[in-house]
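**Q** Predicted model and sequence below, questions to follow.
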Amino acid sequence: MKRVTLLLISLAVIASGGIILAACQLNMLSQFSALPALVTFALTILVAWLTARTRAAFARHDHLRRQFQQQSRLLQAVLRAIPAPIFFKDHRGIYLGCNRAFEAFIGLPREKIIGASVWDVAPRELADTYHRADSELMEQGGQQVYETEVQYADGSRHHVMFHKAVFAAADGSPAGLVGAMLDITDRKQVEQEIEELAYHDNLTGLANRSFFKQRLTEALTQAAISEQQLALLFLDLDRFKYINDTIGHAGGDRLLQLVAERLSCLIPAGGTLARLGGDEFVIMLTDVHNRNELEHFGNTLLKTLEKPFLLAGKQLHVSTSIGIARYPADGKDSSSLLKHADMAMYAAKEQGRNNLCFYRKRMTRQAAQRRDMETRLRQALDQGEFALVYQPQIDDRNGRIRGVEALLRWHHPRRGLVYPAEFIPIAEETGLIRTLGEWVLRESCRQLRTWRHAQLPNLRMAVNISGQQFKQPDFLTVVDRALREADFDPARLELEMELTETVLLHNVETTLRNLRGLKERGISLAIDDFGTGYSSLSYLKDFPIDRIKIDRSFVGEISHGGNAAAIVGTIIAMARSLGLAVIAEGVETAQQVEFLRQRDCFDMQGYYFARPMPAAVLERYLQNIQTGKNRRSPGLITCRAGLS
Ligand SMILES: Nc1nc2c(ncn2[C@@H]2O[C@@H]3COP(=O)(O)O[C@H]4[C@@H](O)[C@H](n5cnc6c(=O)[nH]c(N)nc65)O[C@@H]4COP(=O)(O)O[C@H]3[C@H]2O)c(=O)[nH]1
């Protein structure tokens with residue numbers, strides 16, 4: 001019993017770390033025990049081994065404790081350094097810890113957060129949402145990621161992405177969750193900007209074409225389900241290109257913004273306004289009941305845009321053309337509706353602008369013809385389908401032909417004779433006018449040379465030059481080539497141009513250089529269609545013009561009362577005071593001739609005297625003049641309309 005007690009004491013001493021003491025005690029034990037020395041030795045070894053292990057265990061435990069403390073400090077430092085709010089909660093949703101960023105988000109110190117629930121730190125509604133999300137995660141396990149907008153304690157709002165994950169207890173059961181909130185406000189902003197760019201027009205802030213098409217497609221689906229009507233109004237500002245050239249691009253942009261603002265105020269609920277590009281706007285109206293309602297709305301738009309715009313302290317008047325297409329009558333999908341509204345808008349322009357027009361099926365046919373004309377026009381020159389006709393210009397004092405105006409005709413293989421009003425605008429749009437214009441210039445010069453060789457009277461040749469040709473930097477080279485080829489006296493060439501502000505303002509330097517160059521060559525210049533459009537008096541003074549042509553629309557109205565007679569009288573008086581020659585075109589009646597005579601305007605051109613005629617017919621006429629057969633009245637110079 002005594003031995004056993006001693007042994008136990010030894011072991012206890014060894015366990016308490018006293019290895020030498022234990023060895024002494026074992027020694028003592030061996031002294032007054034009867035245990036053999038070998039057993040004593042074995043016991044001593046065992047005790048020593050156990051002692052070493054115990055000490056190692058103590059040391060390891062101590063090391064682990066220190067390591068744990070160090071790691072814990074490191075973890076705290078890492079958490080503190082992370083700018084994103086981080087928190088952890090137990091399975092009941094009680095906060096176990098968080099970092100500084102989370103304290104800033106909640107607006108409470110860590111001590112107050114730990115031990116609290118989400119309802120203690122967030123407004124009730126938000127707390128409910130967070131709790132729902134947390135419970136879901138705890139039930140399903142794994143991870144949870146979602147985006148939401150949150151308000152920080154300082155009042156600032158942020159877009160955040162929550163990343164949450166469940167952590168497990170030692171037995172593997174879910175013990176709680178850890179969450180991090182990544183601030184994605186900047187990314188959201190960039191995304192929004194990209195979306196803005198993708199869906200909105202950045203000049204006006206309105207929907208752009210692709211967004212509009214998307215909205216339209218959705219609205220069409222809806223309209224099909226609810227069997228409702230829908231309408232598109234396609235708006236295009238009249239003469240916007242001219243306005244843009246006149247007031248500059250910054251002014252043009254500002255005008256478009258003002259137009260967008262005015263239109264925005266008129267869009268009813270459910271409607272969408274978009275800018276498709278340039279000066280094209282489109283409005284979609286849903287739940288449309290009848291045509292009258294649309295017409296009324298369209299007229300309101302026209303009137304609203306008619307009111308002057310204030311730009312850089314100046315009033316600017318614009319007008320608009322509107323085309324209307326309806327669902328389901330005029331198209332069932334977004335592309336055809338847009339196309340048809342666009343066609344109707346073109347028709348509105350053709351009908352004199354500042355107008356609205358509903359789509360009709362024949363417009364599709366006309367558009368196809370126009371496209372066909374565009375294609376054919378490109379080949380027509382090579383195929384020799386163009387020809388010039390010549391309309392005499394008369395000196396009414398003696399009935400002599402002073403000159404002729406060369407007018408272009410297109411002998412279309414299927415359609416027959418096509419007049420310039422139909423194809424010149426297309427040639428101008430497509431740029432083909434440059435080649436065509438050069439051909440006209442060369443052909444008219446060549447014709448004049450032929451007449452000279454045929455000993456026919458000296459004539460002046462008036463050739464129409466499009467603004468586009470005139471703007472070309474190599475325009476003078478083209479003129480020189482035509483003159484050289486025809487060995488032609490430039491003094492007998494008169495170039496007629498509609499010198500609109502657009503032509504003159506666009507690239508003023510080239511325009512002036514070309515005008516001076518023509519004058520240096522002795523070519524005279526006339527302003528065509530004077531009084532219409534935007535020809536302004538200042539050009540008469542600033543540019544080297546020789547002659548103005550009074551537009552036939554005024555001449556035609558002379559005897560109908562109204563302003564036309566006064567305008568014609570004023571143009572003649574003004575031309576005279578500026579020392580310019582003047583010719584009246586479109587003279588059709590004896591009254592008109594008389595009116596012009598009384599105002600000392602003797603240069604005339606018009607059906608009263610002669611229609612435009614092919615060169616061969618004109619030659620016969622000129623020969624008759626020489627032989628005295630056509631001396632009586634200028635009115636006798638006739639030509640069947642079919643020839644013109
Ligand atoms: N109602 C009426 N009309 C009359 C009368 N007398 C002449 N006309 C027509 O008036 C137009 C006069 O030509 P414009 O003012 O230069 O107007 C021309 C001109 O601006 C343009 N054009 C014609 N040929 C050319 C060309 O070779 N190049 C360019 N760039 N334009 C051309 O096309 C316009 C129309 O030419 P056209 O159809 O040949 O029409 C011609 C002519 O046939 C009349 O008494 N009554």
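**A** Received the coordinates, thanks.
**Q** List the contacts of Leu495.
**A** 462-463, 465, 479, 518, 523-526 (Cβ atoms under 8 Å, 6 or more residues apart in numbering). Yep, even glycine has a C-beta here, placed from its N, CA and C like the rest.
**Q** out of these, which are inside helices?
**A** Judged by DSSP state H, the contacts of Leu495 include 479, 518 as members of helices.
**Q** what residue ranges in the stretch 1-150 of the chain are flagged as low confidence?
**A** Residue ranges of the stretch 1-150 of the chain with pLDDT under 70: 1-37, 40.
**Q** interface residues of it facing the ligand?
**A** Neighbours of the ligand within the stretch 1-150 of the chain, by Cβ under 6 Å from any ligand atom: none found.
**Q** residue ranges of the helices in the stretch 1-150 of the chain, please?
**A** Using DSSP state H, counting those that start in this stretch, the helices found in the stretch 1-150 of the chain span residues 2-15, 19-31, 37-81, 100-106, 110-113, 118-121, 124-140.
**Q** Of these, which stretch is the most buried?
**A** helix 100-106 (a mean of 20; mean count of other Cβ atoms under 10 Å).
**Q** Now do that helix: everything it contacts.
**A** Contacts of helix 100-106 (Cβ under 8 Å, 6+ apart): 79-80, 82-87, 98, 109-110, 113, 121-122, 150, 152-154, 181.
**Q** mind running it again at 6 Å?
**A** 80, 83-87, 109-110, 121, 152 (Cβ atoms under 6 Å, 6 or more residues apart in numbering).
**Q** would TSV of those residues with distance to His200 be doable?
**A** Converted to TSV, the contacts of helix 100-106 look like this (distance: Cβ to Cβ, whole Å):
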residue	distance to His200
Arg80	42
Pro83	33
Ala84	32
Pro85	33
Ile86	37
Phe87	38
Pro109	45
Arg110	45
Val121	39
Tyr152	29
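**Q** Select only the buried ones of those residues in PyMOL?
**A** To isolate the buried members of these in PyMOL, using 16 or more other Cβ atoms under 10 Å:
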select buried, resi 84+85+86+87+121
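**Q** among the contacts of helix 100-106, which are in strands?
**A** 86-87 (DSSP state E).
**Q** Can I get the contacts of Leu495 in CSV including pLDDT, neighbour count and distance to the ligand?
**A** Converted to CSV, the contacts of Leu495 look like this (pLDDT from 0 to 100; neighbours: other Cβ atoms under 10 Å; distance: Cβ to the nearest ligand atom, whole Å):
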residue, pLDDT, neighbour count, distance to the ligand
Ala462, 92, 26, 8
Val463, 93, 25, 7
Ile465, 89, 24, 6
Val479, 92, 25, 14
Leu518, 90, 23, 16
Ile523, 90, 20, 16
Ser524, 89, 20, 15
Leu525, 87, 19, 14
Ala526, 87, 24, 10
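**Q** Just flag the most distant two among the contacts of Leu495.
**A** Pairwise distances among the contacts of Leu495 were taken by Cβ to Cβ; the largest, 15.1 Å, belongs to Val479 and Ala526.
**Q** which parts of the stretch 251-400 of the chain sit against the ligand?
**A** Going by Cβ under 6 Å from any ligand atom, the residues of the stretch 251-400 of the chain near the ligand are Gln391.
**Q** Most proximal residue of the stretch 251-400 of the chain with respect to the ligand?
**A** Going by Cβ to the nearest ligand atom, the ligand is nearest to Gln391 of the stretch 251-400 of the chain, at 5.5 Å.
**Q** Quick check: the residue lying closest to that residue once chain neighbours are set aside vs the ligand, distance?
**A** Nearest residue to Gln391 in three dimensions, chain neighbours excluded: Pro612, at 3.9 Å (Cβ to Cβ, 6 or more residues apart in numbering). According to Cβ to the nearest ligand atom, to the nearest Å, Pro612 stands 5 Å off from the ligand.
**Q** Help me confirm that Pro612 comes into contact with Leu388.
**A** No - counting by Cβ atoms under 6 Å, Pro612 stays clear of Leu388, with 8.9 Å between them.
**Q** for the nearest residue to His317 once chain neighbours are set aside, phi and psi?
**A** Leaving aside its chain neighbours, His317 sits nearest to Pro308 (5.3 Å; criterion: Cβ to Cβ, 6+ apart). Per-residue torsions, Pro308: phi -60, psi 150 (degrees, to the nearest 10).
**Q** Pull the number of nearby residues for Pro308.
**A** 10 (other Cβ atoms under 10 Å).
**Q** if I look at the one residue sitting closest to the centre of the chain, how far off is Arg597?
**A** Centroid-nearest residue in the chain, with Cα atoms, centre = their mean: Gly277, separated by 3.7 Å. Applying Cβ to Cβ, to the nearest Å, the value for Gly277 to Arg597 is 52 Å.
**Q** what helix or strand is Ile394 on?
**A** strand 386-395 (DSSP states H and E).
**Q** I misspoke; the intended subject was Arg365.
**A** helix 361-380.
**Q** what angle separates that helix from strand 386-395?
**A** 90 degrees (axes from the mean of the first three to the mean of the last three Cα atoms, to 10 degrees).
**Q** just to revisit the earlier point, tell me what the strand holding Ile394 is packed against?
**A** For strand 386-395, the packing partners by 3 or more Cβ pairs under 6 Å, 6 or more residues apart in numbering; DSSP states H and E come out as strand 400-412.
**Q** Which helix or strand lies directly C-terminal to the strand it packs on?
**A** strand 416-418.
**Q** Mind listing the strands that next one pairs with, and their directions?
**A** strand 400-412 (antiparallel) (DSSP bridges).
**Q** Any idea how many residues pack against the closest residue to Thr300 other than its chain neighbours?
**A** Spatial nearest neighbour of Thr300, excluding adjacent residues (Cβ to Cβ, 6+ apart): Leu266 at 6.4 Å. Each residue near Leu266 was counted by other Cβ under 10 Å, and the total is 14.
**Q** Same question for Gln469.
**A** Neighbours of Gln469 (other Cβ under 10 Å): 24.
**Q** What are the phi and psi values at it?
**A** phi -60, psi -40.
**Q** Make sure the residue nearest to His317 is actually in contact with Lys314.
**A** No - Pro308 is not in contact with Lys314 according to Cβ under 6 Å; the separation is 9.2 Å.
**Q** confidence score at Pro490?
**A** Listed pLDDT for Pro490 reads 81.
**Q** Show me how this protein divides into domains.
**A** Here the domain parsing of the chain from automatic domain parsing is 2-77, 82-188, 200-359, 377-643.
**Q** how long is the third one from one end to the other?
**A** Same thing as domain 200-359. One end of domain 200-359 to the other measures 27 Å (Cα to Cα, to the nearest Å).
**Q** chain center to it: distance?
**A** 14 Å (Cα atoms, centre = their mean, to the nearest Å).
**Q** Now that domain: average pLDDT?
**A** Across domain 200-359, pLDDT averages out at 93.
**Q** In which helix or strand does Ala329 reside?
**A** Counting by DSSP H and E, Ala329 is part of no helix or strand.
**Q** That one and Ala380, how far apart?
**A** The value you get for Ala329 to Ala380, if Cβ to Cβ is used, is 37 Å.
**Q** what does stretch 280-300 rub up against?
**A** So stretch 280-300 is in contact with 216, 219, 228-236, 270-276, 322, 324, 356, going by Cβ under 6 Å, 6+ apart.
**Q** Also stretch 567-575?
**A** 531, 548, 550, 554, 558, 582, 599, 601.
**Q** Spatially nearest residue to Glu557, not counting backbone neighbours?
**A** The nearest residue in space to Glu557 (Cβ to Cβ, 6+ apart) is Ala564, at 3.3 Å.
**Q** quick one: the one you found and Gly556 touch, right?
**A** No - Ala564 is beyond contact range of Gly556, at 7.7 Å (criterion: Cβ under 6 Å).
**Q** show me where the stretch 501-644 of the chain has strands.
**A** 524-530, 547-550, 581-585, 603-605, 613-614 (DSSP state E, counting those that start in this stretch).
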